[in-house]
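Enquirer: Only the shape, not the letters, is given here:
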């Protein structure tokens with residue numbers, strides 16, 4: 001059972017004490033408005049993972065990780081609604097499996113994360129230039145290589161088109177040009193802003209009770225004059241003018257992504273109805289998209305739907321032969337109408353609830369549990385998997401149909417094949 005408590009202004013600690021796993025995970029999730037310097041924040045979280053004042057280079061840092069039985073550190077950035085999410089996390093063996101009785105590996109990893117967050121390798125108001133340049137090179141390479149994964153690239157482009165006049169349409173790293181222009185001084189300013197303004201969720205999944213972890217982070221945040229920034233997300237409940245964009249690449253399989261407005265007014269608006277509607281429509285192998293568009297009519301190589309509750313949009317992602325775009329689109333919309341019309345049974349609803357229950361209640365790693373709670377960094381109420389399942393069990397067929405009727409197509413992005421050229425990725 002998760003234990004959530006506030007340890008500083010805008011900072012919560014969520015501990016899940018369990019002896020179910022042989023490993024443990026601690027993460028620090030920081031949410032910032034997408035109105036700030038996205039590129040500086042994205043590069044910052046990568047640089048913070050690089051070193052800290054106590055371990056200012058990879059050699060000393062990796063030696064420490066080896067001493068902690070091969071613990072690992074990771075950093076990532078993403079977006080959740082119209083918030084930029086920065087995440088720093090550590091994975092290690094659970095304390096129960098340490099060779100020496102009483103060793104607190106989880107607490108040692110928390111100390112490392114605190115060092116990176118509160119005491120980075122900074123001298124005279126400037127981050128280490130070598131570390132900044134190295135991580136900048138890696139980030140620029142990551143940005144340049146995005147286009148190589150055409151499926152992910154198409155999904156990203158559809159979101160940009162659908163939310164072109166909204167903060168959600170931005171990438172969580174800003175732009176390539178903004179990243180290129182960053183200096184060590186810029187990162188120092190970003191670091192100070194993030195510590196002061198972010199909304200924070202620290203999550204610990206281990207056999208440890210979390211008391212020492214709480215003490216460490218409390219001490220770190222007590223030295224900061226906290227002024228958490230307000231973070232809100234715009235929910236557009238009505239679809240605007242439909243827009244289609246096509247790009248040609250040397251591929252032999254086209255990528256089609258459709259973007260819909262769901263009509264949701266906020267993340268919790270009919271949460272359970274939208275989860276089940278999406279699952280029945282295109283979220284699983286028994287869904288209408290999979291069974292009809294892919295299996296029965298063979299119009300797609302794959303075809304899945306995804307509701308993004310934190311923004312109130314839905315996307316349908318499929319791989320198709322270029323000439324089948326209209327047929328596939330028409331059939332996808334026909335299957336959506338079928339859900340609107342109630343063309344599914346009570347057994348379909350039960351199967352969907354059962355599938356979601358299995359998915360949510362059978363998380364088989366501390367990382368999955370940690371992610372479940374850390375993604376709720378901005379939510380006033382923190383829900384357990386069991387509480388979310390209980391919401392699904394109360395949803396009626398009428399509510400599922402009503403949710404489907406609010407879904408309206410607003411954008412389409414198509415990657416089509418260039419004639420005579422193939423270079424599939």
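Expert: Cool, the structure landed. Bear in mind that the values here come from a model prediction, so they are computed numbers and not experimental data.

Enquirer: rest of the way, CA atoms for contacts and neighbours
Expert: Fine.

Enquirer: what's the residue nearest the centre of the chain in contact with, if anything?
Expert: In the chain, the residue lying closest to the centroid (CA atoms, centre = their mean) is residue 78, at 5.6 Å. Contacts for residue 78 were tallied using CA atoms under 8 Å, 6 or more residues apart in numbering; they are 84-86, 172.

Enquirer: so which of the residues you listed comes closest to residue 163?
Expert: Of all the contacts of residue 78, residue 163 sits closest to residue 172, with 13.7 Å by CA to CA.

Enquirer: Tell me how far that closest one lies from residue 127.
Expert: Separation of residue 172 from residue 127 (CA to CA, to the nearest Å) stands at 22 Å.

Enquirer: again, but for residue 363
Expert: For residue 363, the distance to residue 127 (CA to CA) stands at 38 Å.

Enquirer: buried set for the helix or strand encompassing residue 399?
Expert: Assigned by DSSP states H and E, residue 399 belongs to helix 397-405. Neighbour-count burial for helix 397-405 flags 397, 399-405 (criterion: 16 or more other CA atoms under 10 Å).

Enquirer: Repeat that for stretch 25-37.
Expert: So, applying 16+ other CA under 10 Å, buried residues of stretch 25-37: 25-34, 37.

Enquirer: What of stretch 406-420?
Expert: Here stretch 406-420 shows 406-417 as buried, counting by 16+ other CA under 10 Å.

Enquirer: Where does the prediction get shaky in the chain?
Expert: 419-425 (pLDDT under 70).

Enquirer: how about a cut-off of 90?
Expert: 1, 36, 57-58, 99-103, 124-125, 237-241, 252, 363-364, 417-425 (pLDDT under 90).

Enquirer: Are we agreed that the residue nearest to the centre of the chain is in a strand?
Expert: Yes: according to DSSP: H, G, I helix; E, B strand; the rest coil, residue 78 belongs to a strand.

Enquirer: State the helix or strand in which the nearest residue in space to residue 12 that is not next to it in sequence lies.
Expert: Sequence neighbours aside, residue 6 is the residue nearest to residue 12 in space, at 4.3 Å (criterion: CA to CA, 6 or more residues apart in numbering). Per DSSP H and E, residue 6 falls inside strand 2-8.

Enquirer: Give me the helices and strands touching the helix or strand that that strand is followed by, please.
Expert: Note on strand 2-8: by DSSP H and E, the next helix or strand toward the C-terminus is strand 11-17. Counting contacts by 3 or more CA pairs under 8 Å, 6 or more residues apart in numbering; DSSP states H and E, strand 11-17 is packed against strand 2-8, strand 199-206.

Enquirer: Show me what the next helix or strand after the longest one is packed up against.
Expert: Put plainly, it is strand 199-206. Following strand 199-206 in sequence order, the next helix or strand is helix 211-222 (DSSP H and E). Under the contact criterion of 3+ CA pairs under 8 Å, 6+ apart, helix 211-222 touches strand 2-8, helix 105-118.

Enquirer: Would you reformat the ones you listed as CSV and include distance to residue 156 and mean neighbour count?
Expert: Listed next are those as CSV, based on distance: least, CA to CA, whole Å; neighbours: other CA atoms under 10 Å:
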stretch, distance to residue 156, mean neighbour count
strand 2-8, 33, 16
helix 105-118, 30, 22
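
Enquirer: Which one of these lies nearest to residue 229?
Expert: Here strand 2-8 is closest among the helices and strands packed on helix 211-222 (CA to CA), at 14.2 Å.

Enquirer: Within its sheet, name the partner strands of the closest one and how each one runs.
Expert: According to DSSP bridges, strand 2-8 has the following sheet partners: strand 11-17 (antiparallel).

Enquirer: ok so, going back, want to try a markdown table for the buried residues of stretch 25-37, with distance to residue 270 as columns?
Expert: Listed next are those as a markdown table, based on distance: CA to CA, whole Å:
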| residue | distance to residue 270 |
| --- | --- |
| 25 | 32 |
| 26 | 32 |
| 27 | 30 |
| 28 | 29 |
| 29 | 26 |
| 30 | 27 |
| 31 | 25 |
| 32 | 26 |
| 33 | 25 |
| 34 | 26 |
| 37 | 33 |
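
Enquirer: In helices, which of those residues fall?
Expert: With DSSP state H as the criterion, helices contain none of the buried residues of stretch 25-37.

Enquirer: Name the nearest of those residues relative to residue 374.
Expert: Using CA to CA, residue 29 comes nearest to residue 374 of the buried residues of stretch 25-37, at 6.3 Å.

Enquirer: what kind of secondary structure is the closest residue in space to the closest one that isn't next to it in sequence in?
Expert: Of all residues not flanking residue 29 in the chain, residue 87 sits nearest, at 4.5 Å (CA to CA, 6+ apart). Three-state call for residue 87 (three-state DSSP): strand.

Enquirer: Can you get me a residue count around residue 87?
Expert: 23 (other CA atoms under 10 Å).

Enquirer: same deal with residue 232?
Expert: Around residue 232 there are 12 residues (other CA under 10 Å).

Enquirer: Roughly how far does it sit from residue 167?
Expert: Note on residue 232: its distance to residue 167, by CA to CA, is 10 Å.

Enquirer: Repeat that for residue 267.
Expert: Per CA to CA, residue 267 is found 16 Å from residue 167.

Enquirer: Residue 252 now?
Expert: Counting by CA to CA, the gap from residue 252 to residue 167 is 33 Å.

Enquirer: isn't residue 121 right up against residue 56?
Expert: Yes: the pair residue 121 / residue 56 is scored as a contact, 5.9 Å apart, by CA atoms under 8 Å.

Enquirer: These two: which has the busier surroundings?
Expert: Set residue 121 next to residue 56 and count neighbours by other CA under 10 Å: residue 121 wins out with 21 against 17.

Enquirer: which residues sit in contact with the more buried one?
Expert: Residue 121 neighbours (CA under 8 Å, 6+ apart): 51-53, 56, 127-128.

Enquirer: from those residues, which single one is nearest residue 245?
Expert: residue 127 (41.3 Å).

Enquirer: in the sheet, who's paired with that closest one?
Expert: For residue 127, the beta-bridge assignment (DSSP bridges) gives partners residue 122.

Enquirer: That one: neighbouring residues, count only.
Expert: Neighbour tally, residue 127, other CA under 10 Å: 23.
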